[in-house]
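Engineer: Need a 3D model of the following:
(2 chains)
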Amino acid sequence: AQTVTQSQPEMSVQEAETVTLSCTYDTSESDYYLFWYKQPPSRQMILVIRQEAYKQQNATENRFSVNFQKAAKSFSLKISDSQLGDAAMYFCAYIRGGSNYKLTFGKGTLLTVNP
Amino acid sequence: NAGVTQTPKFQVLKTGQSMTLQCAQDMNHEYMSWYRQDPGMGLRLIHYSVGAGITDQGEVPNGYNVSRSTTEDFPLRLLSAAPSQTSVYFCASSHDRSGVNTEAFFGQGTRLTVV
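Structural biologist: Got it, this is the predicted structure:
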């Protein structure tokens, strides 16, 4: 079974600084997708960024970027120029390609942004 | 466009009571899922559906029942509530057929307390 591990239960960063959240996963599949979701105090799950396993180029969305190391099965999220609104729980998630939609989530990392 | 709508947002049940959590999406998505979120556990898949009339079990299905009579609706039934079912429940939907576009859209969650 696939597993997703987030080894940092909590992280903190100063406003305007950069922070990296770690995620590793275990799979024997070659076709899969990885995601980072943000959950602010409102509880809403918001997709931050997506990476297709077949793409070598790391995904980027404005201040958010990933470091996808396929061989190492690592998928870290870098947040640049951190803002107070980035404070949230962040979940790493995995889905096997063609799996009819079954996401496997990590346990989450709570990010605090200090002014 | 409402997206994924869950009702109610909060609910308190007594042990042994039954209830239905409602989920509706207006995006004509094929795939719908139910997750539960517990502290330190991330989100875990309860049941999912790949289309009207088709459902299957996820990681933690015991004590829950689902049906999918229409594309839009995917209710989750608690048959006889137990304190262990105290959790936050999320409904999600997505359109993907081929695994290319696997973004999941989440409802705002239902916080359920069983006393």
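Engineer: The most centrally placed residue in chain A bridge partners, please.
Structural biologist: Nearest residue to the geometric centre of chain A (CA atoms, centre = their mean): residue A:36, 3.1 Å. Per DSSP bridges, the residues bridged to residue A:36 are residue A:49, residue A:92.
Engineer: Could you list the alpha-carbon positions for stretch A:49-56 in CSV?
Structural biologist: In CSV, the C-alpha atoms belonging to stretch A:49-56 read as follows (Å, rounded to 0.1, in the frame of the first residue of the first chain):
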residue,chain,number,x,y,z
ILE,A,49,0.3,22.7,-6.3
ARG,A,50,0.4,19.5,-8.3
GLN,A,51,3.2,17.4,-9.8
GLU,A,52,2.9,14.6,-12.4
ALA,A,53,5.4,11.8,-11.8
TYR,A,54,6.3,11.6,-15.5
LYS,A,55,7.4,15.3,-15.6
GLN,A,56,11.0,15.9,-14.7
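Engineer: what residues does it touch?
Structural biologist: For stretch A:49-56, contacts defined as CB atoms under 8 Å, 6 or more residues apart in numbering or on different chains pick out A:30-36, A:58-61, A:64-66, A:68, A:70, A:75, A:77, A:97, B:102-103. For glycine as for every other residue, the C-beta is placed from the backbone atoms N, C-alpha and C.
Engineer: Just give me how far that stretch sits from the chain centre.
Structural biologist: Relative to its parent chain, stretch A:49-56 has a centroid offset of 12 Å by CA atoms, centre = their mean, to the nearest Å.
Engineer: tell me the mean pLDDT over that stretch?
Structural biologist: Rounded to a whole number, the mean pLDDT of stretch A:49-56 is 91.
Engineer: Name the residues of that stretch that come out as buried.
Structural biologist: Across stretch A:49-56, burial judged by 16 or more other CB atoms under 10 Å in any protein chain shown covers A:49, A:50, A:51, A:52, A:53.
Engineer: now stretch B:77-85
Structural biologist: By neighbour count on 16+ other CB under 10 Å, the buried set for stretch B:77-85 is B:78, B:81, B:85.
Engineer: What is the nearest of those to residue A:85?
Structural biologist: Checking the buried residues of stretch B:77-85 against residue A:85 by CB to CB gives residue B:85 as the nearest, at 32.7 Å.
Engineer: And the pLDDT for the residue nearest to the closest one when sequence neighbours are not counted?
Structural biologist: Of all residues not flanking residue B:85 in the chain, residue B:114 sits nearest, at 5.3 Å (CB to CB, 6 or more residues apart in numbering or on different chains). Per-residue pLDDT puts residue B:114 at 97.
Engineer: could you measure residue B:114 against residue B:10, distance?
Structural biologist: 13 Å (CB to CB, to the nearest Å).
Engineer: ok, those two, which is more surrounded?
Structural biologist: Neighbour count, other CB atoms under 10 Å in any protein chain shown: between residue B:114 and residue B:10, residue B:114 has more, with 19 against 10.
Engineer: neighbouring contacts of stretch B:75-86?
Structural biologist: Under the contact criterion CB under 8 Å, 6+ apart, stretch B:75-86 has outside partners B:13-23, B:34, B:36, B:46-47, B:63-67, B:89, B:91, B:112-115.
Engineer: Buried ones among those?
Structural biologist: The neighbour-count test (16+ other CB under 10 Å) marks B:13, B:21, B:23, B:34, B:36, B:46-47, B:64, B:66, B:89, B:91, B:112, B:114 as buried among the contacts of stretch B:75-86.
Engineer: what's near enough to touch residue A:103?
Structural biologist: With contact set as CB under 8 Å, 6+ apart, residue A:103 has these partners: A:35, A:93, A:94, A:95, B:33, B:35, B:43, B:45, B:92, B:104.
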